[in-house]
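**Student:** Fold the following, please.
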Amino acid sequence: MMEKLSSCPACGETKILPFLTAKDYTVSKETFEVTRCQACELLFTNPRPTASEAGPYYKSDNYISHSDTQEGIINKLYHLVRNFTLKQKAQWIEKEKTGNIELLDIGCGNGHFLHACQKAGWKISGMELDPVTAARAESMLGIDIYSSIKNIPKNEKFNLISLWHVLEHVPNYLETLDQLIQKLKPGGQIILALPNYKSYDAHIYGTHWAAYDVPRHLWHFSSDYMDHLPSTWGL
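**Tutor:** Numbering: from 1, shown residues only. Sure thing, here's the model as predicted:
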C-alpha cells in the first residue's frame, strides 16, 4: 500500500498542493504525483512506495547506475560519462585530503568512486543497501561495505562523507543527515550531489525531466532549499 503524506516532513506545513504528474519510464510505466510544500517549497513524490514496496522499482536492466555492463550504446555512453565524473569528483575532494584522511561514501554502488579515492590515498569506507552491488564493491576494493549507517561502529569518524545522488532516494532524509553529522570528525564535511528542480533543464523538460525519476526519487530539492538546510544543525 502506497504511503501518502498529509504534511511536509521538513517543516510540518499542512498546505501541500499538486505540482505535477510524472511517469516512471524506467520500470513500471506508472504515473506518480509530485506535491509541493507551500512553506519551504520542498517537492516530494506523494503517495510513494513504502520501504518494503520500493525494491521492484529498482529491478530493471535499464537502471544502469549499479550496472557494469557495457552492452548497447546507452551503457557505453554511461560508462564514458562515469569515467569523466569520477575524475571530476576526485579533483573536487583533493583539497580536503590533509592529515588522517578518512572518507565514507554513502550509497557507494559498485565502488568506482571509492576506488578512485583509494588510488589517490584516501582511507575509504562505503555503505550500500543492495547486497549484490555491495559484493561487487567489496571485490574491487578489498574492504567490507557497510549495509546500513547503523552498522558503522559508533567510534568511527570521518573527515569527509559523500552522498552522490543518494539523498533523494532516502525515506527519512533528515534523520539520515542527522546520523551522518554525528559521524563527522571536528571540521569534517558532507558533500551532497542532488538534482535541482529549479534548474534550467528541469524547466525545459517539465514532466519529462529525467531527474524526477519517480518513484525512486522520493524528494525533489532546490538549491534554495539546500542553502537553508544546514542551519537545522547549526552548520
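**Student:** Now whichever strand or helix holds Leu103 - C-alpha only, CSV.
**Tutor:** Applying DSSP states H and E as the criterion places Leu103 in strand 102-106. Only the C-alpha atoms of strand 102-106 are listed here, as CSV (Å, rounded to 0.1, in the frame of the first residue of the first chain):
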residue,chain,number,x,y,z
GLU,A,102,39.1,9.1,6.1
LEU,A,103,36.2,9.1,3.6
LEU,A,104,32.8,7.5,3.8
ASP,A,105,30.7,7.2,0.7
ILE,A,106,27.0,6.5,1.3
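**Student:** Just give the closest residue to the most centrally placed residue in the chain, not the sequence neighbours.
**Tutor:** Residue closest to the average C-alpha location in the chain (Cα atoms, centre = their mean): Val166, at 0.7 Å. Nearest residue to Val166, sequence neighbours excluded (Cβ to Cβ, 6 or more residues apart in numbering): Gly107, at 3.6 Å. Placement of C-beta: from N, CA and C, glycine included.
**Student:** who's in contact with that neighbour?
**Tutor:** For Gly107, the contact set (Cβ atoms under 8 Å, 6 or more residues apart in numbering) comprises 127-129, 163-166, 169.
**Student:** do Val132 as well
**Tutor:** Neighbours of Val132 in contact, by Cβ under 8 Å, 6+ apart: none.
**Student:** What are the phi and psi values at it?
**Tutor:** phi -70, psi -40 (degrees, to the nearest 10).
**Student:** what about the residue nearest to Asn151 when sequence neighbours are not counted, distance to Trp164?
**Tutor:** Excluding its sequence neighbours, the residue lying closest to Asn151 (Cβ to Cβ, 6+ apart) is Met127, at 7.9 Å. Distance of Met127 to Trp164, given as Cβ to Cβ, to the nearest Å: 12 Å.
**Student:** that older thread, to the chain's geometric centre, what's the distance from the next helix or strand along the chain from the strand holding Leu103?
**Tutor:** Once the chain leaves strand 102-106, the next helix or strand it forms, by DSSP H and E, is helix 112-119. Centroid separation for helix 112-119 versus its chain: 18 Å, with Cα atoms, centre = their mean, to the nearest Å.
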